[in-house]
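Enquirer: coords please:
(one chain, ligands or ions: 1)
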Amino acid sequence: KLETRLKIIFSHLNAASFSSLSPFGAPCSQTSTLQHKDDDYVVIPRNLKYSLRVTSREQYASMYMDSIREPDMFWNKLAKDFFWKKEYATSQPLCKFNFDARKSPIFVEWFRGGYTNVCYNALDRHVIAGRGGQPALLWEGNDLGQDSCSTYQDLLNYTCQISNFLLSKNVVKGDRVCIYMPMIPELPCGMLACARIGAIHSVVFAGFSAEALAGRILDCCPKVVITCSAFKRGNKLVDLMGIVDTALQLCLERENFSPETCLIYENPRVASNKDTLWKEGRDLRWQDVIPCMDKKAPVEWMEAEDPLFMLYTSGSTGKPKGVVHTVGGYMVYSAVTFKYIFDHQPGDVFWCTADCGWITGHTYVTYGPLLNCATCVIYEGIPTWPDAGRYWQIIDKFNVTAFHTAPTAIRTLESSGDEFVKKHSRKSLKLLGSVGEPINPKAWWWYFEVVGEKRCPIVDTWWQTETGATMISPLPWAWPLKPGSATLPFFGVQLALVDENGNEKHGPCEGFLCIKGPWPGIARTLYQNHERYEESYFKTFYGYYTTGDGCRRDDDGYYWITGRIDDVINVSGHRISTGEVESVLNAHPACAEAAVVGIPHKVKGQGIYAFVVLMKEASASEELRISFLQSVRKEIGSFAAPEIIHWVTGLPKTRSGKVMRRILRKIACGEFDNLGDLSSLADPSVIDDILNTKP
Ligand code: PRX
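Expert: Residues are numbered from 1 along each chain as shown. Next up is the predicted model:
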């Protein structure tokens with residue numbers, strides 16, 4: 001029973017760092033002591049060998065208040081760690097903004113007048129400081145035995161060669177470059193090479209289909225597309241060049257558009273069918289051109305508000321949105337969040353398993369770590385290849401100190417059994433991270449107890465593509481954790497929970513999660529569609545950035561993301577977040593994973609349809625169904641009990657692990673012939689399996 005594992009309070013807290021302790025050993029919050037009666041919480045003993053930046057909630061509260069009351073002083077101090085070719089103006093506010101759509105336009109500016117370069121700060125700055133020999137990227141290939149280590153000097157040389165190639169193709173400041181590559185060092189280097197010369201990179205996840213890639217290429221019209229011949233993910237061969245070729249064909253047919261150059265890294269580990277696809281005049285082989293380039297390249301000094309990159313993300317409606325981030329604010333915010341949230345110290349080895357095709361890969365694989373001169377691991381494969389112990393084996397191999405992954409991966413590995421974890425020591429780990437979706441308490445506990453052996457804090461980081469970097473997260477060791485809560489806002493982040501009329505609610509409550517003021521990492525616009533930017537984020541509640549998530553604040557001021565508000569189900573007038581029901585189902589000992597959607601219901605308006613993947617050892621039965629229903633009745637209320645429980649062997653997911661509810665909704669509603677675009681599914685066979693089973 002979860003309850004019996006709760007209230008784990010470690011006795012050896014460092015009293016000096018927790019100056020005011022509640023009777024239960026937890027530090028007092030600024031306004032109230034930790035109310036542990038409803039919420040289970042965990043205090044991790046601080047290992048004194050770590051020199052922490054923030055050691056208590058009191059220290060955090062004081063820094064947080066400074067960041068809100070004196071934002072200029074606060075951010076100016078942090079921004080000074082970077083090299084600015086020309087200082088931003090300090091005679092005027094560091095940030096200018098308008099969040100009120102009634103007084104359009106919406107805009108945000110930080111560090112105006114400052115000139116810098118993100119690549120220079122991520123590479124040259126460290127090399128100049130004598131750290132060129134430090135390992136920057138530790139690369140692990142899909143198959144065992146494939147690896148490489150690049151130092152900061154290596155990365156700088158390689159990046160300059162790519163920059164020089166782009167310059168030779170007349171790519172100049174403001175031009176777009178599309179990058180469609182697997183997780184090999186050439187991907188972050190390609191991003192940095194663009195940043196160096198002021199080109200805007202648009203990385204497209206290498207799991208997207210030709211159709212999806214074509215749409216993204218046509219939206220931003222890149223001068224160059226950088227790709228790779230082919231690669232392996234697990235035992236699957238992905239013919240990337242074939243997909244690019246099809247996509248570029250579609251671009252030609254649809255809008256008569258073709259990038260001038262397609263640069264193809266020929267993967268030496270995988271055979272490809274390049275002969276049939278090579279297009280004379282368009283395609284160039286990486287290995288033929290990049291090594292000939294000079295290893296020194298000029299730096300384009302960028303104004304703080306110049307665009308750094310764009311990244312497509314899905315909106316609740318319409319085609320993907322090209323979220324645009326700018327140089328100064330993104331650089332400072334991504335680096336500072338990395339430093340504090342992962343408590344980065346020299347000698348640490350950081351591993352974020354995200355793909356660079358997503359924002360997490362931009363911020364916590366490429367920019368955040370390199371701006372902090374970190375050593376980081378990048379891995380080309382999947383968590384279960386060749387078996388479910390691969391992550392833990394890589395952690396031991398590289399002595400990873402901080403490991404950051406997604407709840408989906410955690411649940412997948414949890415259902416494979418503890419023996420895969422326990423085979424490896426994981427002794428180098430000091431902290432764990434979770435990102436991208438709500439982590440249900442059962443997965444949290446498994447991650448905490450089995451992976452982290454109860455000694456590693458879990459930083460559950462909430463943010464979005466649009467926010468640039470983490471917005472809500474624990475600072476490790478600084479305050480007690482509650483499984484499933486991202487806890488408190490990062491410096492400079494003013495959260496507001498508002499009701500349906502846009503009125504801010506105070507104290508413990510639940511509401512729409514909004515952000516009141518600007519933080520440096522906020523996206524500035526949607527590519528060539530500022531109107532949609534204003535519409536999507538600033539017109540739901542005037543004066544606020546609307547996140548699209550629901551959220552609860554508890555007695556301790558901790559924030560609990562309840563899920564997307566677009567996934568809310570209304571049953572008999574009761575609002576139920578799919579995330580809430582899923583969390584209960586997920587906590588059932590027989591459940592490996594669950595997803596719920598709303599279905600029309602004659603009496604209640606909407607009913608709940610649950611898709612449940614059982615643990616290996618469990619088998620479907622009427623008793624089990626009743627036991628699942630009972631746990632929902634018990635945890636939320638009878639109104640939340642699913643109408644239908646459909647036992648399935650897997651859930652339809654994107655390659656980044658997001659459950660595709662759109663498809664589940666259609667299946668639940670019996671619209672089998674109209675499932676829509678299935679191209680971004682990680683494993684399309686899941687759909688057949690679901691359709692072949694009866695609820
Ligand atoms: O619903 C929230 C969920 O993911 C959304 C943002 O998705 P994306 O832009 O793809 O960025 C993912 C990487 C940050 C959010 O609106 N989400 C993200 N992190 C968490 C989360 N939900 C709960 N807890 C989190 N830690």
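Enquirer: identify the residue spatially nearest to T408, adjacent ones excluded.
Expert: G657 (3.5 Å; Cβ to Cβ, 6 or more residues apart in numbering). The way it works is simple: take the backbone N, C-alpha and C, and place the C-beta from them, glycine included.
Enquirer: quick one: that neighbour and the ligand, what's the gap?
Expert: According to Cβ to the nearest ligand atom, to the nearest Å, G657 stands 10 Å off from the ligand.
Enquirer: how many residues are close by G130?
Expert: Number of residues near G130 (other Cβ atoms under 10 Å) recorded here: 8.
Enquirer: assumed it was part of a helix.
Expert: Yes: the assignment for G130 by DSSP: H, G, I helix; E, B strand; the rest coil puts it in a helix.
Enquirer: coming back round to it: is the residue nearest to T408 part of a helix or strand, or is it coil?
Expert: On the three-state scheme (three-state DSSP), G657 is labelled coil.
Enquirer: quick check: phi and psi on F74?
Expert: Main-chain torsions, F74, degrees, to the nearest 10: phi -60, psi -50.
Enquirer: touching, it and W519? I think so.
Expert: No: in this structure F74 lies outside contact range of W519 using Cβ atoms under 8 Å: 11.0 Å.
Enquirer: who's more crowded, these two?
Expert: Neighbour count, other Cβ under 10 Å: between F74 and W519, W519 has more, with 27 against 20.
Enquirer: distance of that one from the ligand?
Expert: 14 Å.
Enquirer: grab the nearest non-local neighbour of that residue.
Expert: Spatial nearest neighbour of W519, excluding adjacent residues (Cβ to Cβ, 6+ apart): G492 at 4.7 Å.
Enquirer: count the neighbours of the one you found for me.
Expert: G492 has 24 nearby residues by other Cβ under 10 Å.
Enquirer: ok, now which ones touch it?
Expert: S67, I68, P71, F74, W75, W519, P520 (Cβ atoms under 8 Å, 6 or more residues apart in numbering).
Enquirer: apply 7 Å and report the result again.
Expert: Contact analysis of G492 by Cβ atoms under 7 Å, 6 or more residues apart in numbering lists S67, P71, F74, W75, W519.
Enquirer: and the pLDDT at the third one?
Expert: Pointing back at F74 there. In the prediction, the pLDDT value recorded for F74 is 96.
Enquirer: is it true that it touches S67?
Expert: Yes: between F74 and S67 there is a contact under Cβ atoms under 7 Å: 4.3 Å.
Enquirer: on contacts alone, who are the packing partners of the helix or strand harbouring C149?
Expert: Assessed by DSSP states H and E, C149 sits inside strand 147-151. With contacts taken as 3 or more Cβ pairs under 7 Å, 6 or more residues apart in numbering; DSSP states H and E, strand 147-151 sits against strand 135-140.
Enquirer: what lines up beside the strand it packs on in the sheet?
Expert: Applying DSSP bridges, strand 135-140 is found paired with strand 147-151 (antiparallel), strand 375-379 (parallel).
Enquirer: around the ligand, which positions in this protein sit nearby?
Expert: 313, 359-360, 435-438, 460-465, 486, 547-549, 561, 564 (Cβ under 6 Å from any ligand atom).
Enquirer: quick one: contacts for the residue lying closest to Y544 once chain neighbours are set aside?
Expert: Closest residue in space to Y544, ignoring its immediate chain neighbours: C514 at 3.7 Å, by Cβ to Cβ, 6+ apart. Counting by Cβ under 7 Å, 6+ apart, C514 makes contact with A496, V498, F541, Y544, Y545, T546, T547.
Enquirer: if the second one is in a bridge, with which residues?
Expert: Legend: beta-bridge partners of V498 under DSSP bridges are E504, F512.
Enquirer: hmm, C194 is touching V177, no?
Expert: Yes: C194 is within contact range of V177, at 5.0 Å (criterion: Cβ under 7 Å).
Enquirer: got a pLDDT number for the closest residue to W110 other than its chain neighbours?
Expert: Nearest in space to W110, with sequence neighbours left out and distances taken as Cβ to Cβ, 6+ apart, is G329 at 4.0 Å. G329 is assigned a predicted lDDT (pLDDT) of 98.
Enquirer: mind checking which helix or strand G329 is in?
Expert: Assigned by DSSP H and E, G329 falls in helix 327-341.
Enquirer: ok now that helix, how far from the chain's centre?
Expert: The gap between where helix 327-341 is centred and where its chain is centred comes out at 14 Å by Cα atoms, centre = their mean, to the nearest Å.
Enquirer: any idea which helix or strand comes after it?
Expert: Criterion used, DSSP H and E; the element after helix 327-341 is strand 349-352.
Enquirer: that following strand pairs with which strands?
Expert: The pairing partners recorded for strand 349-352 under DSSP bridges are strand 375-379 (parallel), strand 402-405 (parallel).
Enquirer: how about it as CSV, C-alpha atoms only?
Expert: Presented in CSV, the C-alpha positions along strand 349-352 are these (Å, rounded to 0.1, in the frame of the first residue of the first chain):
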residue,chain,number,x,y,z
VAL,A,349,27.9,14.1,-15.9
PHE,A,350,24.4,15.0,-17.1
TRP,A,351,22.1,12.9,-19.2
CYS,A,352,18.8,14.0,-20.5
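Enquirer: got a list of contacts for it?
Expert: Outside strand 349-352, the residues that touch it by Cβ under 7 Å, 6+ apart are 342, 344, 360, 364-365, 369, 374-377, 398-404.
Enquirer: what's next to the helix or strand following that strand, contact-wise?
Expert: Once the chain leaves strand 349-352, the next helix or strand it forms, by DSSP H and E, is helix 359-361. Helix 359-361 is contacted by residues L311, C352, A354, D355, V435, G436, T465 when judged by Cβ under 7 Å, 6+ apart.
Enquirer: do the same with stretch 427-435
Expert: So stretch 427-435 is contacted by 47, 50, 342-343, 360, 395, 399-407, 410, 447, 451-452, 456-461, 476 (Cβ under 7 Å, 6+ apart).
Enquirer: do that again at 8 Å, thanks
Expert: Here stretch 427-435 has contacts from 47, 50, 341-343, 348-349, 352, 354, 360, 364, 395-396, 399-407, 410, 444, 447-448, 451-452, 456-461, 463, 470, 476, using Cβ under 8 Å, 6+ apart.
Enquirer: for it, output the C-alpha coordinates as CSV.
Expert: What follows is stretch 427-435, C-alpha atoms only, in CSV (Å, rounded to 0.1, in the frame of the first residue of the first chain):
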residue,chain,number,x,y,z
LYS,A,427,26.0,4.5,-7.7
SER,A,428,27.1,7.7,-9.6
LEU,A,429,23.6,9.1,-9.6
LYS,A,430,22.9,12.1,-7.3
LEU,A,431,19.6,13.2,-8.8
LEU,A,432,16.8,12.2,-11.1
GLY,A,433,14.6,14.3,-13.3
SER,A,434,11.1,13.9,-14.9
VAL,A,435,9.7,16.0,-17.7
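Enquirer: picking that back up, could you dump the contacts of G492 to CSV with secondary structure?
Expert: Below are these laid out as CSV (three-state DSSP):
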residue, secondary structure
S67, helix
P71, helix
F74, helix
W75, helix
W519, coil
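Enquirer: reformat these as a markdown table; add distance to C262.
Expert: Converted to a markdown table, the contacts of G492 look like this (distance: Cβ to Cβ, whole Å):
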| residue | distance to C262 |
| --- | --- |
| S67 | 45 |
| P71 | 44 |
| F74 | 45 |
| W75 | 40 |
| W519 | 37 |
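Enquirer: between all of the residues you listed, which two are separated the most?
Expert: Comparing all pairs in the contacts of G492 by Cβ to Cβ, the longest separation belongs to F74 and W519, at 11.0 Å.
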